[in-house]
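Chemist: Below are the sequence and a predicted model for it; my questions follow.
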Amino acid sequence: MTGSAQAPWVRPVLAALLVALGLGWSAHTFRTSREVARRLKMRREALAEIRDLADSMRQSDCWIEALRQQGSRRLVSPTELYEKLAPETPAPVAEEKPPLEPEPGWRVRRIELEFRDVALPAFGAWLTACENLRPAWRATRLHINTQTISAPDHAEVGLSLEGIEITSP
Amino acid sequence: MSVSLSRKSAIGADWTGADLTLVKGSRARRGVAFHTLYKSGTGQSEKTAALWAEIQYTQQKGRTILAAALPVHCASILTVTAPFASPSKARRVWPSLLDLQLPFAIEESVFSIVEAHPLTDGRTMAKAIVARRGPVRNLLERMSSSGATPNHLDFEGLALWSQSLHEKPNATLQYPRIVASVSANRVTVVVGRGKQFETAFSAQGCLLKTAEAGGMRNRIVRSLRAVLQPSDLSLSWFWTGSSLSNFQDIESVQSALEAELGAIRWQIHQDPDTFLARALARRALKPDVWPCSLMTGDLVPPIETELTAQRVRRASRLCFTAASLLLLLNGFASYQMARQDAISQETLTAAAQEATGASYVPPKFELQTVRTFAERHRTDRAPIERAFQPPLTDTVRSLAAAAEKDSIRMEQLDLSSEKAVISGWTDHTVTGAPIREAMEERGYVSLDAGSVETQDGRTTLRYTMERRP
């Protein structure tokens, strides 16, 4: 077989086919580029949100570190503290809820307290003392009602306390 | 295969008579600019040999066309009518219709349809120039033996007619126009009406020789009488031709023709020696109303075939290059897009894995996974977060101070880190603004405007608030 005897139409037909292939591929690339651009935009937006969420999650790591530095100490019972501070007044009704475990070796204790009739100055002093303990108790809910109690500066009080204990740092 | 006429210049070769005239026409801003290369010579000298060599060189380079004319006596002018109104359909039957009128087979001829127009009855009429291949080939071989290789063969009659109209477009359109080209050995006469070409014929002999002039005049008059109509009272006669400048006794010929044909308006085209050569060059360069190319099929010279092949090769090369570039660009673009796509996916997956601490995050679910994880994380660590926020007792103290400022007696307080409900009363008129402001400082926002009602000198207040993060 000799290579020189090439039909005159072979070259133009091949060229036309190649041009058609190039144009077809260009059209495909154009369509694909729009799809890829849309995907990239979506991923950029998702990445920005993920980074924001990661930053906000990282913030609580500082708090954990600060609490960890306080060491592993047990919470003092708030009712025992109340009996110590105001021995002549009736003790509140206390109900402890099951503890939570936000981190391994950490325990969040939650106590609901009901004071039927309490002198508000004494209650304020006791609550401040609770908050100043290390580890501290924090009030998460406070309900004060003076309408049901006739004595001045006395009230019916409902209180939710929450405290964090590190059992194994 | 016909010749494609798209060059920068064309050389018109008038070799219809005994002498040769060469005129070069070049494309100019307005029409065609002419330059006479050779005039009224035998075409056999050393000078012409060099000229032909130069012309052939420019032809081979594809820069010029050498256009020659087939003399009128070598061709027939035929009119054919196709029973179709569609020009494309009619085009298919012209050869068969011409074959019926020719005394020889159509395969032995060359033809060119110079004009086709639809008739009112739904048919199409065409005018064709037909010539036997033999005389055409002889003419081309005669020129070739002198070193000339034309790549365009026009019809003399049409070239004369269209050039006459081109140079004198508005002259006496209402009369029949006769263009008479006088050469040393014959007179070519072209007849038309208005702008319409009708016929052409030639009379052999020399009009300049008194002995032959009478006989020639009679032949011309007889041929014209066959074409002209009795209503044609006056004629426009245009003289031209390479031998016209040698014509001393033109007035006596004109007088004799007027005696036979009646009133005639006589005119002479400018520079008649190069008239046909100019016509050939112009028609080869610019599209004309009556295009005519009689160099078809095997008569196309090898130069033209080679030029066409060269053009095809050049176009193919260009297409190959363009297509290769296009494919290369597309390949690069596709690679870049795929790379960017993969990088962005990897970045997103890595960010999601880092945020959640998971070793695998399913693709397309990265954001959803991180959101779910962050929500759970936030709930789990809410007590830790609360431990670092100001205690509720601070809020109670601010509230008590604000109430005392307005002398408000607080009756009920329901307070958490998320919401607050406050109610109380006083004996005088107050706005309740200090309480609202104290709570707003702590991040609590009133869900309503707050209720402050005064009745019988006693003002009651109630606020429902929510803490915004």
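Modeler: Perfect, I can see it now.
Chemist: got the contact list for residue 164?
Modeler: Since no chain was named, I'll use chain A. Shown here is residue A:164, whose contacts under the criterion C-beta atoms under 8 Å, 6 or more residues apart in numbering or on different chains are A:67, A:75, A:106-109, A:135, B:383-384, B:387. (C-beta placed from N, C-alpha, C; glycine too.)
Chemist: you looked at the wrong chain, it should be chain B
Modeler: Residue B:164 makes contacts with B:177, B:179, B:190, B:238, B:240, B:269, as judged by C-beta under 8 Å, 6+ apart.
Chemist: Need the pLDDT of the nearest residue to residue A:73 once chain neighbours are set aside.
Modeler: If the residues on either side of it in the chain are set aside, residue A:73 comes closest to residue A:135, at 5.8 Å by C-beta to C-beta, 6 or more residues apart in numbering or on different chains. Per-residue confidence (pLDDT) for residue A:135: 85.
Chemist: Which residue ranges of chain A form helices?
Modeler: A:10-69, A:78-85, A:120-132 (DSSP state H).
Chemist: Now these in JSON lines, please, with extra columns for distance to chain B and mean neighbour count.
Modeler: Written out in JSON lines, the entries for the helices of chain A read as follows (distance: least, C-beta to the nearest C-beta, whole Å; neighbours: other C-beta atoms under 10 Å in any protein chain shown):
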{"stretch": "helix A:10-69", "distance to chain B": "3", "mean neighbour count": "14"}
{"stretch": "helix A:78-85", "distance to chain B": "14", "mean neighbour count": "16"}
{"stretch": "helix A:120-132", "distance to chain B": "5", "mean neighbour count": "17"}
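Chemist: Could you report the distance from the residue sitting nearest the centre point of chain A to residue B:417?
Modeler: Centroid-nearest residue in chain A: residue A:57, 6.4 Å away (criterion: C-alpha atoms, centre = their mean). With the distance defined as C-beta to C-beta, to the nearest Å, residue A:57 ends up 20 Å from residue B:417.
Chemist: Repeat that for residue B:373.
Modeler: Distance, residue B:373 to residue B:417, by C-beta to C-beta: 23 Å.
Chemist: Tell me how chain B divides into domains.
Modeler: By the record's domain assignment, chain B is partitioned as B:170-268, B:302-387, B:392-467 (automatic domain parsing).
Chemist: so which of the ones you listed gets nearest residue B:104?
Modeler: Closest approach to residue B:104 among the domains of chain B is made by domain B:170-268 (19.9 Å; C-beta to C-beta).
Chemist: Number of residues surrounding residue B:130?
Modeler: Close neighbours of residue B:130, defined as other C-beta atoms under 10 Å in any protein chain shown, add up to 21.
Chemist: phi, psi of it?
Modeler: Main-chain torsions, residue B:130, degrees, to the nearest 10: phi -120, psi 140.
Chemist: Roughly how far does it sit from residue B:186?
Modeler: Residue B:130 is 20 Å from residue B:186, where distance means C-beta to C-beta.
Chemist: Mind putting the contacts of residue A:164 into JSON lines with distance to residue B:135?
Modeler: Output for the contacts of residue A:164, formatted as JSON lines (distance: C-beta to C-beta, whole Å):
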{"residue": "A:67", "distance to residue B:135": "116"}
{"residue": "A:75", "distance to residue B:135": "126"}
{"residue": "A:106", "distance to residue B:135": "115"}
{"residue": "A:107", "distance to residue B:135": "120"}
{"residue": "A:108", "distance to residue B:135": "117"}
{"residue": "A:109", "distance to residue B:135": "123"}
{"residue": "A:135", "distance to residue B:135": "123"}
{"residue": "B:383", "distance to residue B:135": "115"}
{"residue": "B:384", "distance to residue B:135": "112"}
{"residue": "B:387", "distance to residue B:135": "117"}
